[in-house]
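Visitor: Show me the folded form of this:
(2 chains)
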Amino acid sequence: MREQPYEEEMSHDPLYDGLKPTVYGEDCPRVEVPDLQDGQPHWLVRAKTIRLLWWAFSAILALTVAAQVFVDVHDYFTVDGWFAFYAIVGFVSCLGMVIFAKVLGLFLKRPDTYYDDL
Amino acid sequence: MTISELMFPPAFIMIMGAMLIPVVRPSFRPVLLVLVPLLTLLMIWNLDDGVLLTARFLGYEVELVEASNVRRLFATIFALMAMVGGFFAFQHARVVEMSASMAYAAGAVGVSFAGDLITLFLFWEFMALFSTVVVWCGGTEESRRAGIRYGIMHLIGGIVLKIGIEGVAFQTGSIQIQPLMLDSFATWMMLIGVLINAAAPPVSAWLSDAYPEASPTGSVILSAFTTKTAVLALLLLFPGQQVLIWVGLYMIFYGIIYALMENDMRRILAYSIVNQVGFMVVGVGIGTELALNGVAAHAFAHIIYKALLLMSAGAVIVQTGKRKCTDLGGLYRTMPVTAVCGTIGALAISSFPYTSGFISKSMISQSAAYGELAFVWYGLVAASAGVFLHAGIKFPWFVFFQKDSGLRPKDPSWNMQAAMIIFAVACVLLGVFPQLLYRFLPYEVTYVPYTADHLVTQLQLLLFAGLAFFVTLPLMKRTTTVSLDIDYLYRKVGPKLWNSFLHLLVVLNGLFQTLVLDQAKRLPQSWVRYHGPDGPLAKTWPTGSMLLWVTVMLAVILIGARLL
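Guide: The predicted structure follows:
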């Protein structure tokens, strides 16, 4: 509906002059081949490190559950005293939320230019 | 400080500061940005409890300053936020933005100490005004539009609140700020007016619509004040109102689900503001001493870690110019300070042990357990896992880690780094030494956050939520999309209906033209055609035609007489 571009239309407005959009990151350095640094992948993203991280993570997960053998968990609603209750709730409810968001997204997601044409 | 010594509300210091910022020389601005909130803090901490400053306004005795420990706590974090936020911003923000941010913070401090509903309303609108300016300072076409929508939403909220305040003043004759019963139209209107500012349903969309369109520094400021003053107002006016529990629970899950669908990193954080404010609203709804303590503590902790998260997002935008998760990733290589600070903020929002969220949010869920609200409690526990999912891992993962985007930006300017480090340290400090915060809460704290079972259960919950994140990573592949929300109604349907209405007017106008106006025009034309100078009825002289008619009449009479 606008006849002339926003910039042009507003260029006479003294207030707007102080509000011109700032362009950020124009000189942001970029590498052509991602993932590589000095010819090889960063140590954090090497397959070996990632495998190690998964092992460490699994061990910690197991530890937090095993700790419940030694720590008496106070229960308020019976079920929350069950063994590994919080682990199951954490995993299952997150799984549920991710799937729910995925399904809802099928109905609610629009291209991010959706509101641009108004 | 005694009553006679108090000449003006603490907010006035910051209002003066806001007016000074544009006129002082640029090199002095950062000094002002830090000094003014510091002076305000000094004044805040010298206020005794009770009503300290009154004035007559519209025939009412208004209480410009009333201090209590919870008001002081909120004012403190608002002033602190103005200081660190201003320091973060001063190299990149426009002068208008710096000044408007200071005025906006002044409004929040003013609301914190407002002793009556009229003062509250005045500062409330003051905030609406200057926060809109901060949104506009984004400087883009999108931020101009978002600012207009934001302004309209808050003016509507203000009107609703004002209707409520006037109703209460009329019915009870009192404009005191005190716990109200939801037993009349007026108190309901007040509740709705306050809830609009808290981004409660159905209008939660204003927040994620406006905040991400502000400048990288502006959205840091915006995240702190409006929703948290609404939380304070709820805490003072509607503690223990059951309806708030359900409103809050909806906000919690709304925030998580929408954040999971979102691609814009600042919008993810905006949705998580709604989520976090939801926890506070639930706490106000539960309304026990433990719950209200939890609300105050969580508001304090939340402002710090949410600002920290938005600072790290702002730093990324300033350095890369990118804001979508699909364009970002792998930035930890060259932005270590930002990545570490952002991750600390993400851990704090997830209530990880030894961060500020752990000692504040758990008070709210604990109060649900003590109140034997099983459903609410389960909702809060599941949501705590969900927070780790949508903000705790998703934000740092997609911005700083995941696949390498090839971008190699440096860490931002020194002041931005310093502001982030200050807040990151604050997150950890409050988490390790909870007494720093607990001693300033409204009620005495007997709650002990660090017990073996709390640590074990919280770690189980969060780490298995983390496992769920990495297991479902393929499902979370980012899409360049926005998600429809209630703002669809006023951004798409509304304009469409308006256009249809305009088209209808055009059609009706055409019909009116052909059916009425053209006919009306044709009528005199037909007169002219038959009776005008060239009309068939004007061809002969009137005397001639009269003679003819006289003859005809004579003949008729003669024949008639003869026949009779």
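Visitor: Spatially nearest residue to the closest residue to chain A within chain B (excluding sequence neighbours)?
Guide: Minimum separation of chain B from chain A (Cβ to the nearest Cβ) falls at B:G321, amounting to 2.6 Å. The way it works is simple: take the backbone N, C-alpha and C, and place the C-beta from them, glycine included. Among residues not flanking B:G321 along the chain, A:G25 sits closest, at 2.6 Å (Cβ to Cβ, 6 or more residues apart in numbering or on different chains).
Visitor: looking at it, the one you found is touching B:R323, isn't it?
Guide: No - contact criterion Cβ atoms under 8 Å: A:G25 and B:R323 do not qualify, at 9.9 Å.
Visitor: quick one, which of those two is more surrounded?
Guide: B:R323 (21 against 15; other Cβ atoms under 10 Å in any protein chain shown).
Visitor: Backbone torsions only: list them for the residue in chain A positioned nearest to chain B.
Guide: In chain A, the residue that lies nearest chain B is A:G25 (2.6 Å; Cβ to the nearest Cβ). Phi and psi for A:G25, reported as degrees, to the nearest 10, are phi 70, psi 20.
Visitor: one step back: wait, what's in contact with the residue nearest to B:G321?
Guide: B:317-322, B:409 (Cβ atoms under 8 Å, 6 or more residues apart in numbering or on different chains).
Visitor: let's go with 7 Å and repeat that
Guide: By Cβ atoms under 7 Å, 6 or more residues apart in numbering or on different chains, the contact set of A:G25 is B:319-322, B:409.
Visitor: do the same with A:K102
Guide: B:L475.
Visitor: and the gap between it and B:G278?
Guide: Distance, A:K102 to B:G278, by Cβ to Cβ, to the nearest Å: 22 Å.
Visitor: Point out where chain B drops to low pLDDT.
Guide: For chain B, the stretches with pLDDT under 70 are B:1-5, B:539-542.
Visitor: Once you drop chain neighbours, what's closest to B:T140?
Guide: A:P21 is the one closest to B:T140 (Cβ to Cβ, 6+ apart), at 4.6 Å.
Visitor: Give me the secondary structure label for the one you found.
Guide: Using DSSP: H, G, I helix; E, B strand; the rest coil, the secondary structure recorded for A:P21 is coil.
Visitor: how deep is it tucked in, by neighbour count?
Guide: There are 15 residues near A:P21, going by other Cβ under 10 Å.
Visitor: and it, what pLDDT?
Guide: A:P21 carries a pLDDT value of 72.
Visitor: Surely it and B:E141 touch.
Guide: No - with contact defined as Cβ atoms under 7 Å, A:P21 does not reach B:E141; the gap is 8.1 Å.
Visitor: for chain A, which spans come out with low pLDDT?
Guide: For chain A, the ranges with pLDDT under 70 are A:1-20, A:33, A:35-39, A:117-118.
Visitor: Tell me who's in contact with the residue positioned nearest the centre of it.
Guide: In chain A, the residue lying closest to the centroid (Cα atoms, centre = their mean) is A:V98, at 12.1 Å. When contacts are counted by Cβ under 7 Å, 6+ apart, A:V98 touches B:260, B:468, B:472, B:475-476.
Visitor: which SS class is B:T54?
Guide: Once three-state DSSP is applied, B:T54 turns out strand.
Visitor: Just give the closest residue to it, not the sequence neighbours.
Guide: B:E63 (5.3 Å).
Visitor: Please apply the same query to B:G17.
Guide: B:G17's closest residue in space is B:V36 (Cβ to Cβ, 6+ apart), at 3.3 Å.
Visitor: and that neighbour, backbone torsions?
Guide: phi -60, psi -50.
Visitor: My guess is it contacts B:I15. True?
Guide: No - using Cβ under 7 Å, B:V36 is not in contact with B:I15; the gap is 9.6 Å.
Visitor: The two: which is more packed in?
Guide: Each of B:V36 and B:I15 has its neighbours counted (other Cβ under 10 Å); B:V36 has more, 25 against 21.
Visitor: Check which residues of the longest helix along chain A are buried.
Guide: The single longest helix within chain A, with elements called by DSSP state H, is helix A:85-108. Within helix A:85-108, the residues that count as buried by 16 or more other Cβ atoms under 10 Å in any protein chain shown are A:85-91, A:93-95, A:97-98, A:101-102, A:104-105, A:108.
Visitor: same question, stretch B:182-191
Guide: Neighbour-count burial for stretch B:182-191 [16+ other Cβ under 10 Å]: B:186-191.
Visitor: Which residue is the nearest non-sequential neighbour of B:D411?
Guide: B:V337 (4.7 Å).
Visitor: meant to ask about B:M189
Guide: Nearest one to B:M189, counting by Cβ to Cβ, 6+ apart, is B:G164 at 3.3 Å.
Visitor: Mind telling me what element the one you found is part of?
Guide: Assigned by DSSP states H and E, B:G164 falls within helix B:141-172.
Visitor: Which helix or strand lies directly C-terminal to that helix?
Guide: helix B:185-197.
Visitor: ok, and what's touching the helix or strand just after that next one?
Guide: Going down the chain from helix B:185-197, the next helix or strand is helix B:205-210, by DSSP H and E. Helix B:205-210 is touched from outside by B:135, B:146-147, B:149-150, B:153, B:199, B:258, B:267, B:270-271, B:273-274, B:485-487, with contacts defined as Cβ under 7 Å, 6+ apart.
Visitor: ok, the residue most central in space within chain B to B:P26 distance?
Guide: Centroid check for chain B by Cα atoms, centre = their mean gives B:L207 as the closest residue, at 4.4 Å. Distance, B:L207 to B:P26, using Cβ to Cβ: 32 Å.
Visitor: quick revisit: quick one: the helix holding B:G164 to helix B:185-197, angle?
Guide: 160 degrees (axes from the mean of the first three to the mean of the last three Cα atoms, to 10 degrees).
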